[in-house]
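A.B. asks: I would like to see how this sequence folds:
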Amino acid sequence: MNDHNLGPINPRVAPPSPSNGKNAKDFPKSFLVFDIPTEVVSMIIHQRVWSTPEITIEARPFLSRDLPTSFMCLNGFTTSNPVIVASAVRDAWTAPETLGKIVEILEKSEIPLDRVYDAATYLCDSISVEFIDYKAAKAISLPRFNIFANCPSNQPRTWTSLCANLMQIHYRTPLDGTGIAIPFTSCTLCHSIGHPNGLCKFPDLPSWNGPKHKNKASKHSPKSRGKERRT
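C.D. replies: Down below sits the predicted model:
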């Protein structure tokens, strides 16, 4: 692709994943196009609507100024108290070896070198914890905790490196078990990664138009028993 004397342009296109899985019948309505020169991006956005007899496309800029505050999900604690878990996380991050690794990662970011240590301290001071009342089969409690913090850098690569390194740590407590990082639990109802389907609060909102909680009917309910084979 050549245009406006900019030389070869090889844009990349990433279609979205269907919200209903591989069996979805609706075609995607949006695509992410990237690896385009700034001059071409400006032209596309300025035109905004591009149309042919077969299809009409509206171009909108994809803006992402803030990095996620979610760092990891921890499993393995025997407590449901987020204060205890927050203390364990803070102690682990401020330990000399871990804090040194945080500083090393931040030194490769856009943060001035004379402010890197303060930035690492800011990260540790911004820790917050969310308790997830996760339950396994037979209502066995398996407490999980989402860990949040404010990344002092605006570079996605820095945030990714911090997450990858901090997820390797074992978060020990004197009496309440040891937390280890596990994948976030995604919700297919609201598409959040902060909770499982059963704990999603959105379907209970009055104006919620998305998927609802499914009622699990008993296999041997009175209605179903009436349809069983008769002898």
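A.B. asks: all strands of the chain, in order?
C.D. replies: 12-14, 32-34, 49-51, 56-58, 70-77, 128-132, 144-148, 171-172, 177-182 (DSSP state E).
A.B. asks: and the longest one, average pLDDT?
C.D. replies: Per-residue pLDDT values across strand 70-77 average out to 96.
A.B. asks: what would the strands of the chain look like in a markdown table with mean neighbour count and distance to E107?
C.D. replies: The C-beta positions use only the backbone N, C-alpha and C, and glycine is treated the same way. Converted to a markdown table, the strands of the chain look like this (neighbours: other C-beta atoms under 10 Å; distance: least, C-beta to C-beta, whole Å):
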| stretch | mean neighbour count | distance to E107 |
| --- | --- | --- |
| strand 12-14 | 9 | 31 |
| strand 32-34 | 12 | 28 |
| strand 49-51 | 9 | 44 |
| strand 56-58 | 11 | 42 |
| strand 70-77 | 21 | 19 |
| strand 128-132 | 17 | 25 |
| strand 144-148 | 22 | 23 |
| strand 171-172 | 19 | 25 |
| strand 177-182 | 18 | 24 |
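A.B. asks: of these, which is nearest E97?
C.D. replies: Nearest of these to E97, taken as C-beta to C-beta: strand 171-172 at 13.9 Å.
A.B. asks: run the chain-centre distance for that closest one.
C.D. replies: The chain centre lies 23 Å from the centre of strand 171-172; the measure is C-alpha atoms, centre = their mean, to the nearest Å.
A.B. asks: out of the strands of the chain, nearest to V83?
C.D. replies: That would be strand 128-132 among the strands of the chain, by C-beta to C-beta, at 7.8 Å.
A.B. asks: and the closest one, how far out from the chain's middle?
C.D. replies: That offset, for strand 128-132, works out to 14 Å (C-alpha atoms, centre = their mean).
A.B. asks: how about stretch 189-199?
C.D. replies: Distance, centroid of stretch 189-199 to centroid of chain: 11 Å (C-alpha atoms, centre = their mean).
A.B. asks: export the strands of the chain to TSV and tack on distance to S109?
C.D. replies: Compiled in TSV, those are given as follows (distance: least, C-beta to C-beta, whole Å):
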stretch	distance to S109
strand 12-14	26
strand 32-34	22
strand 49-51	37
strand 56-58	35
strand 70-77	16
strand 128-132	22
strand 144-148	19
strand 171-172	24
strand 177-182	22
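A.B. asks: ok, which of those strands comes nearest A95?
C.D. replies: The nearest among these, by C-beta to C-beta, is strand 171-172 at 10.5 Å.
A.B. asks: other SSEs contacting the closest one?
C.D. replies: helix 82-94, strand 177-182 (3 or more C-beta pairs under 8 Å, 6 or more residues apart in numbering; DSSP states H and E).
A.B. asks: and the most centrally placed residue in the chain, how far from D114?
C.D. replies: Nearest to the geometric centre of the chain sits I193, at 5.1 Å (C-alpha atoms, centre = their mean). Remark: distance between I193 and D114 (C-beta to C-beta, to the nearest Å) = 36 Å.
A.B. asks: N209 too?
C.D. replies: Relative to D114, and taking C-beta to C-beta, N209 is found at 51 Å.
A.B. asks: ditto for H195
C.D. replies: 41 Å.
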